[in-house]
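S.K.: next input, structure requested:
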Amino acid sequence: MRDVCVKLLFSVLVCMGPAGAACSRRTDEASGSPGGRIPMTNEGSRANSEAEVRALIERLVTAVRAKDLDQVSAAYAPDLVAFDIVPPLQYVGAEAYRKPWRELFELYEGGLQYEVRDLSVTASDDVAFSHSLNHLMGTMKTGHKTELWLRWTACYRKIQGKWLIVHLQASVPVDMAKGKALVDLKP
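M.R.: Numbering: from 1, shown residues only. Below you'll find the model as predicted:
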């Protein structure tokens with residue numbers, strides 16, 4: 001699965017780079033697909049896949065705002081691999097990834113404010129990826145108000161007719177000289 005996401009991500013990054021204009025003209029002789037991209041059955045299928053992934057993200061946002069751990073977890077494939085902003089370096093499995101969400105939800109009083117900005121989704125019939133800037137705000141049980149922007153990239157796979165997140169990476173920029181996360185940056 002990771003290989004599929006890496007290939008999809010690489011194809012898109014190549015097409016977005018300086019040689020991007022050539023992607024629509026080149027043909028991969030082995031597959032016959034333009035620019036080595038993952039072949040699409042048709043434009044309508046791609047648009048439908050993108051809409052379904054966006055709907056999944058909307059459900060995830062709603063679940064985060066409501067601090068609904070079961071609905072958050074429903075967005076993830078059982079074999080999820082997640083690289084989050086909190087330790088450890090990786091979470092393997094949707095069940096393991098419930099822990100940081102549970103801990104986050106327990107820190108806050110009431111619901112959370114959560115926003116996805118600059119969302120970009122690229123999808124084929126059964127794999128997709130997205131990237132966005134995500135904004136989390138809330139009031140902790142201590143009364144401290146928090147606000148954080150993070151970078152979010154996710155890979156999706158359509159499994160038994162349902163889109164699920166199979167890999168994600170959340171990050172914040174780091175001041176390398178000071179060795180500290182920059183959590184106060186805004187887009």
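S.K.: where in the chain is pLDDT low?
M.R.: 1-41 (pLDDT under 70).
S.K.: mind giving me the domain ranges of it?
M.R.: What the record gives for the chain is the domain set 1-39, 44-181, from automatic domain parsing.
S.K.: so which of these is the most surrounded?
M.R.: domain 44-181 (a mean of 16; mean count of other CB atoms under 10 Å). C-beta coordinates here come from the backbone N, C-alpha and C atoms, glycine included.
S.K.: what about that one, how long is it end to end?
M.R.: By CA to CA, to the nearest Å, the extent of domain 44-181 from end to end equals 42 Å.
S.K.: what's the spacing between residue 105 and residue 132?
M.R.: The gap separating residue 105 from residue 132 is 21 Å, by CB to CB, to the nearest Å.
S.K.: on that earlier part again, could you dump the domains of the chain to JSON lines with distance to residue 187?
M.R.: Below are the domains of the chain laid out as JSON lines (distance: least, CB to CB, whole Å):
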{"stretch": "domain 1-39", "distance to residue 187": "19"}
{"stretch": "domain 44-181", "distance to residue 187": "5"}
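S.K.: can you pull up the bridge partners for residue 123?
M.R.: Taking DSSP bridges as the rule, residue 123 bridges to residue 128.
S.K.: pretty sure it is touching residue 56, no?
M.R.: No - with contacts counted by CB atoms under 8 Å, residue 123 stays clear of residue 56, the gap being 10.8 Å.
S.K.: return every residue with contacts to both of these two.
M.R.: residue 156 (CB atoms under 8 Å, 6 or more residues apart in numbering).
S.K.: how close does residue 148 get to residue 183?
M.R.: 5 Å.
S.K.: residues shared between the contacts of these two?
M.R.: Counting by CB under 8 Å, 6+ apart, the residues touching both residue 148 and residue 183 are residue 172.
S.K.: go ahead and flag the most central residue of the protein.
M.R.: Central residue of the chain (CA atoms, centre = their mean): residue 154, 2.5 Å from the mean position.
S.K.: give me the element it is part of.
M.R.: Under the criterion of DSSP states H and E, residue 154 resides in strand 145-159.
S.K.: which elements pack onto that strand?
M.R.: Judged by 3 or more CB pairs under 8 Å, 6 or more residues apart in numbering; DSSP states H and E, the packing partners of strand 145-159 are helix 2-16, helix 43-66, strand 127-140, strand 162-171.
S.K.: thanks again, I'm all set now.
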